[in-house]
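>>> Give the three-dimensional model of this entry:
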Amino acid sequence: MGGLVLDIAVAFLVKSFIRTFWFMKSFRWDRITGSVLDSTLLDPNMGCPSVRMHYRILSSEGPREGRDEVPFFLRRSARDYARTFSGNPVVTIRVNPHATRATLFFDLDQRGG
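Residues are numbered from 1 along each chain as shown. Below is the predicted model of the structure:
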(Lines give C-alpha, C1' and ligand atoms only; values in the text may rest on other atoms or scores of the structure.)
Protein backbone atom coordinates (compact mmCIF):
# COMPACT_ATOMS: atom_id res chain seq x y z
CA MET A 1 0.00 0.00 0.00
CA GLY A 2 2.86 2.39 0.78
CA GLY A 3 4.20 1.93 -2.73
CA LEU A 4 0.87 2.93 -4.22
CA VAL A 5 0.75 6.15 -2.19
CA LEU A 6 4.32 6.94 -3.19
CA ASP A 7 3.45 6.30 -6.85
CA ILE A 8 0.49 8.69 -6.60
CA ALA A 9 2.55 11.32 -4.82
CA VAL A 10 5.41 11.20 -7.33
CA ALA A 11 3.07 11.36 -10.33
CA PHE A 12 1.14 14.24 -8.77
CA LEU A 13 4.32 16.20 -8.00
CA VAL A 14 5.76 15.69 -11.49
CA LYS A 15 2.52 16.67 -13.25
CA SER A 16 2.03 19.64 -10.93
CA PHE A 17 5.59 20.83 -11.56
CA ILE A 18 5.06 20.65 -15.32
CA ARG A 19 1.75 22.57 -15.03
CA THR A 20 3.46 25.20 -12.85
CA PHE A 21 6.15 25.61 -15.51
CA TRP A 22 3.47 26.15 -18.20
CA PHE A 23 1.48 28.45 -15.90
CA MET A 24 4.53 30.72 -15.52
CA LYS A 25 5.47 30.49 -19.21
CA SER A 26 1.92 31.40 -20.30
CA PHE A 27 1.52 34.27 -17.85
CA ARG A 28 1.42 36.88 -20.65
CA TRP A 29 -0.60 34.86 -23.12
CA ASP A 30 -3.96 36.18 -24.28
CA ARG A 31 -7.08 35.15 -22.38
CA ILE A 32 -10.05 34.03 -24.49
CA THR A 33 -13.50 32.98 -23.41
CA GLY A 34 -14.41 29.40 -24.15
CA SER A 35 -16.78 26.71 -23.01
CA VAL A 36 -16.14 23.29 -21.52
CA LEU A 37 -17.45 20.54 -23.77
CA ASP A 38 -16.51 17.69 -21.47
CA SER A 39 -14.57 16.99 -18.29
CA THR A 40 -13.51 13.39 -17.77
CA LEU A 41 -12.06 11.76 -14.68
CA LEU A 42 -8.90 9.82 -15.54
CA ASP A 43 -8.13 7.28 -12.85
CA PRO A 44 -5.15 5.17 -13.89
CA ASN A 45 -3.99 2.03 -12.08
CA MET A 46 -0.60 3.68 -11.59
CA GLY A 47 -0.07 7.37 -10.91
CA CYS A 48 -2.42 10.09 -9.77
CA PRO A 49 -5.99 10.78 -10.88
CA SER A 50 -6.60 13.74 -13.18
CA VAL A 51 -9.37 15.54 -14.96
CA ARG A 52 -9.16 15.98 -18.72
CA MET A 53 -10.77 19.23 -19.82
CA HIS A 54 -12.08 19.37 -23.38
CA TYR A 55 -13.00 22.92 -24.37
CA ARG A 56 -13.91 25.07 -27.37
CA ILE A 57 -12.79 28.64 -28.03
CA LEU A 58 -13.63 31.19 -30.67
CA SER A 59 -10.52 32.88 -32.01
CA SER A 60 -9.73 35.09 -34.96
CA GLU A 61 -9.04 31.84 -36.85
CA GLY A 62 -12.52 30.51 -36.05
CA PRO A 63 -13.73 27.96 -33.53
CA ARG A 64 -11.17 25.51 -32.17
CA GLU A 65 -11.11 22.80 -29.58
CA GLY A 66 -8.41 22.03 -27.06
CA ARG A 67 -7.66 19.71 -24.19
CA ASP A 68 -5.80 20.02 -20.95
CA GLU A 69 -5.26 17.78 -17.96
CA VAL A 70 -5.44 18.83 -14.30
CA PRO A 71 -3.75 16.44 -11.82
CA PHE A 72 -5.13 15.62 -8.37
CA PHE A 73 -3.79 13.74 -5.40
CA LEU A 74 -7.16 12.30 -4.36
CA ARG A 75 -9.67 10.55 -6.62
CA ARG A 76 -12.61 12.15 -4.78
CA SER A 77 -11.24 15.67 -5.36
CA ALA A 78 -10.78 14.93 -9.05
CA ARG A 79 -14.30 13.51 -9.35
CA ASP A 80 -15.83 16.54 -7.58
CA TYR A 81 -13.82 18.92 -9.77
CA ALA A 82 -14.94 17.18 -12.98
CA ARG A 83 -18.56 17.54 -11.88
CA THR A 84 -18.24 21.32 -11.54
CA PHE A 85 -17.98 21.58 -15.32
CA SER A 86 -21.29 19.93 -16.23
CA GLY A 87 -23.56 22.11 -18.35
CA ASN A 88 -20.82 23.54 -20.60
CA PRO A 89 -19.83 26.51 -18.41
CA VAL A 90 -17.99 29.52 -19.78
CA VAL A 91 -14.29 29.47 -18.90
CA THR A 92 -11.13 31.44 -19.61
CA ILE A 93 -8.47 29.79 -21.76
CA ARG A 94 -4.92 31.04 -22.29
CA VAL A 95 -3.82 31.28 -25.94
CA ASN A 96 -0.25 31.82 -27.09
CA PRO A 97 -0.33 34.98 -29.26
CA HIS A 98 2.66 33.76 -31.30
CA ALA A 99 1.39 30.21 -31.83
CA THR A 100 -2.38 30.34 -31.51
CA ARG A 101 -2.72 26.55 -31.61
CA ALA A 102 -1.16 26.44 -28.11
CA THR A 103 -3.89 26.74 -25.48
CA LEU A 104 -3.96 26.06 -21.75
CA PHE A 105 -6.63 25.83 -19.05
CA PHE A 106 -5.86 26.96 -15.49
CA ASP A 107 -8.23 27.01 -12.55
CA LEU A 108 -6.76 30.29 -11.27
CA ASP A 109 -7.93 32.06 -14.44
CA GLN A 110 -11.50 31.02 -13.65
CA ARG A 111 -11.39 32.86 -10.33
CA GLY A 112 -9.98 36.04 -11.81
CA GLY A 113 -6.67 35.60 -10.04
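>>> What is the burial count for T40?
14 (other Cβ atoms under 10 Å). C-beta here means a position set from N, CA and C on the backbone, and glycine is covered the same way.
>>> Check which residues of the longest helix along the chain are buried.
In the chain, taking DSSP state H as the definition, the longest helix is helix 2-25. The neighbour-count check on helix 2-25 (16 or more other Cβ atoms under 10 Å) flags 8, 11-12, 15-16, 19, 23 as buried.
>>> ok, now stretch 28-44?
29, 32, 34, 36, 39, 41-42.
>>> Of the residues you listed, just say which sits nearest to S77.
Proximity of the buried residues of stretch 28-44 to S77 (Cβ to Cβ) peaks at L41, which lies at 10.4 Å.
>>> for the closest one, which residues make a bridge with it?
On the basis of DSSP bridges, L41 is bridged to V51.
>>> Quick one: residues contacting it.
49-51, 75, 78-79, 82 (Cβ atoms under 8 Å, 6 or more residues apart in numbering).
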